[in-house]
Each structure stands twice: as structure tokens, then as C-alpha cells.
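Chemist: For reference, the sequence and a predicted model appear below.
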Amino acid sequence: MNKARVSIVRAYNYDYAEIHAAVVRGIELIGGLAGVVPAGSKVFVKINHISPPSPPEKGIVTHPVFVEAVLACLKEAGADITVGDDISSSAGDGFRVSGFRQMCQRANVRLVNLREAGFVEVECHGHFLEKVYLARAMLDADVIVNLPKLKTHSLCVLTCGVKNLYGVIPSGLRQRLHGEYTKCENFSQMLVDIFSAVKPQLNIVDGIVAMEGEGPAAGSLRPMGVILASRDAVALDAVSARIIGLDPMDVDTTRYAHERGLGVGRLEDIEVVGERVEDVSVPDFKLPAGAARTLSRIVPHSLVRFAVDRLFIRPSVVESRCTGCAECEKICPSGAISVSGKKARINHAICLQCMCCHEVCRFNAIKPRQSIVGRMVQSLTRTLRRLLPTGI
């Protein structure tokens, strides 16, 4: 069996020349563009641009300079390029806030808000989803290039290649699915359902500056200095997980995609080229509180399983930071959030703990809070990560 190939190349700054050279090398290490992007092909480039918009220095979006370097490679291959994501249009031009509008004008490529181009219902025959609406701009393309940002995620631990494709469905559907699949395991299976209907041909991750802690929008920035590339998004996620100290099989999206034959998730079946994983790994990378759930698969002790089964994480408002912008109220799928007196209030009786509010807040005013049992389990997880040579 041919191994999936993932390249790791160093790039330390968001300098165009440095990134372009690294991207060129990373693509060459996995076989080049010739077999992926035929001249004249229509290429859709999926960026990570979660709403509300934010400037690139906050580390929430795929950095536009990184994307610009990738676009140059695609243009050299003769591609007809469209860049896009589904973003809120209620606050003006979000792409201008992030710098993507200016960059795409500079690069002379199309930039689309997916909701403006429309969506098409397609079959996916997934674990949960039989059909799903996908972006027309993506379906019209011959080749899909996936450009995620390396970040933690408060609900599914890691957001990278597979998770980034969640943005190709309508925002209203994303909100509904968050409400329906509130457990990490079910949410991850649903994400893999969507991934099964998309399956990008090329994946390149912006790991120059990653986000650790409570990502994907409220974590801390962590310089990593890496760019990863692969034709296999699952393999890309597996190597990314290992770099930040996780067993890839403890990331549910990677494990389920591997089990369903949608990619390679086991490190022994992946050929890593370029830099070695151990040379770029960050052993003290801060994981989100939800990562403590992985302990139940590592330590099969009944007491630990009892504790993890009772682990819960719920959002809590930090009033001193809350501006009353109401973005959390708009996105909450259960209607658990209201804004009064310019402060958000959460009704925990109907809160689904989906963490959408945490993801959308740009003021770090909503924090995941753990139960006492949860904090004990997370502390034990950190200890085991230091002690076990393979990491967890």
C-alpha cells in the first residue's frame, strides 16, 4: 500500500518571499502541482475566515500573505482561481477587515462570499447526513485547494484540514447542526460526513503562527514556524496533531475519517518528508479544555472513565470584557443567550454547550468553564502528556 505523504517545511514569518519559497518546496516534496492542477483548470481555494471578521494579526484567519504565496504557485500552473468562504455580511466588507479583499485585488483573482454565490443540495450518504448543501462556487471548480489555519478547537480539539470544510455549507445550516450534534463525537462524525462530500485535492496548512488554548478564536498565539502540505487532508491533520502533542487517533475527525476510508490517519502509514516531526514538535502546546475527553481512550480505568463521562464544559461570560455586541446572541442555536444592559447573559438550563458563542466572540468575553471533575481530569491529562513518550 502506498503511504500518504505529508511535507513539513520551515517558514518563520509572514514574509511573502520566505513563504513562497517554502510553499514551492512543500508542494514539490509531495509530488508537485502537475498531477493536481492541470493548466486551465478551475480551482477553488477554501480559506479559513470565520465570522465576525478579524485582522490577520489576531491569528484567527488563514493569513492573507500565506494565501497570496499559494495563489502565485497556482497561477504559475495556469489555474483559473476563485478564493472564498462563507462569512457574515452584516458588518460591511469582512474580507477588507481581514486583508483578503486587498490581497485578492493585488493578485488579480476572484474573491467570493459563498452565500452570495449560492448553495446546491448534494448527496453524501454519511454517518448522520444523507444530503447536504455545498457552495456552488466550490462545486463549479475542477480542483479544490484547502488552506486551513492550525488551531485548537474548544469542541473538537483540533481544527485543521477536515474541519475547515465546514465553512462550505450555509451559515444557517451550520447553526442548526451545532444545535443537533452537541457531543464532540457526534459533531465530529457530522464534520466527516461533509468532508466525504468534498475531499479537496490539495491541502496546505498555515502553521507559521498557530493558536493554542481555547481556539479557534479566543486562544493564544503560538509561533510554530511550519507549513504542512499533503494531497490527503486526513494525513495532514494526523501529522499536525502529532506536532502539538496529540495522538492523531484521539482527534475524532481524524479517527472517523480514517475508519471510513476517507484518508490516512495512522502515522505509521504516512510518509513525512522535509522536516522531521520530532524536530518541529511543541511538547508544551496548550490544548483546549475539551481535550481532557481523550483521556478515557488512553487510560481504561473505570474511575477515570466515570470522571470523563461526567466532564462538562460550559460557556461563561466575562462581564468586564463583554461589549454587548450581540454576536453570541445571533449565533446561539438554542436561544440561550440574551443581551441586556449591554452585557450577554447565558441561560444554562437550555445551553447546548456547543461553544458557538465562544467561537464567535472577538473580545475573549466568553470562556469555557469546567466542572471541578473536569479540571481534575485535565490536570491528569497534562501530567500524562509529560510522562508518556508518545504523548496524548
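Modeler: Cool, got the structure.

Chemist: residue ranges for the strands of the stretch 251-392 of the chain, please.
Modeler: Taking DSSP state E, counting those that start in this stretch to define them, one finds strands in the stretch 251-392 of the chain at 270-274, 313-317, 337-340, 343-346, 366-370.

Chemist: Can you lay out those as JSON lines showing mean neighbour count and mean pLDDT?
Modeler: Quick note: C-beta positions are derived from backbone N, CA and C, even for glycine. Formatted as JSON lines, the strands of the stretch 251-392 of the chain follow (neighbours: other CB atoms under 10 Å; pLDDT from 0 to 100):
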{"stretch": "strand 270-274", "mean neighbour count": "20", "mean pLDDT": "98"}
{"stretch": "strand 313-317", "mean neighbour count": "20", "mean pLDDT": "85"}
{"stretch": "strand 337-340", "mean neighbour count": "16", "mean pLDDT": "92"}
{"stretch": "strand 343-346", "mean neighbour count": "18", "mean pLDDT": "93"}
{"stretch": "strand 366-370", "mean neighbour count": "19", "mean pLDDT": "79"}
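
Chemist: For Ala21, which of those strands is the nearest?
Modeler: Proximity to Ala21 (CB to CB) singles out strand 270-274 among the strands of the stretch 251-392 of the chain, at 12.7 Å.

Chemist: That closest one pairs with which strands, and in what direction?
Modeler: strand 4-10 (parallel) (DSSP bridges).

Chemist: immediately after the strand it pairs with, which helix or strand?
Modeler: helix 16-29 (DSSP states H and E).

Chemist: same for the very next helix or strand once past that next one, what does it pack against?
Modeler: Where DSSP H and E defines the elements, the next helix or strand beyond helix 16-29 is strand 42-47. Under the contact definition 3 or more CB pairs under 8 Å, 6 or more residues apart in numbering; DSSP states H and E, strand 42-47 sits against helix 64-76, strand 80-85, helix 136-139, strand 143-147.

Chemist: which residues in the stretch 201-350 of the chain form helices?
Modeler: Assigned by DSSP state H, counting those that start in this stretch, the stretch 201-350 of the chain shows helices spanning 233-243, 252-259, 277-280, 295-298, 302-309, 327-331.

Chemist: could those helices go into TSV alongside mean pLDDT, mean neighbour count and distance to Ala349?
Modeler: Formatted as TSV, the helices of the stretch 201-350 of the chain follow (pLDDT from 0 to 100; neighbours: other CB atoms under 10 Å; distance: least, CB to CB, whole Å):
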stretch	mean pLDDT	mean neighbour count	distance to Ala349
helix 233-243	98	28	35
helix 252-259	97	24	27
helix 277-280	98	14	45
helix 295-298	52	18	27
helix 302-309	49	13	21
helix 327-331	90	21	16
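
Chemist: Turn those into a markdown table, columns for distance to Lys343.
Modeler: Putting these into a markdown table (distance: least, CB to CB, whole Å) gives the following:
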| stretch | distance to Lys343 |
| --- | --- |
| helix 233-243 | 37 |
| helix 252-259 | 34 |
| helix 277-280 | 42 |
| helix 295-298 | 35 |
| helix 302-309 | 33 |
| helix 327-331 | 11 |
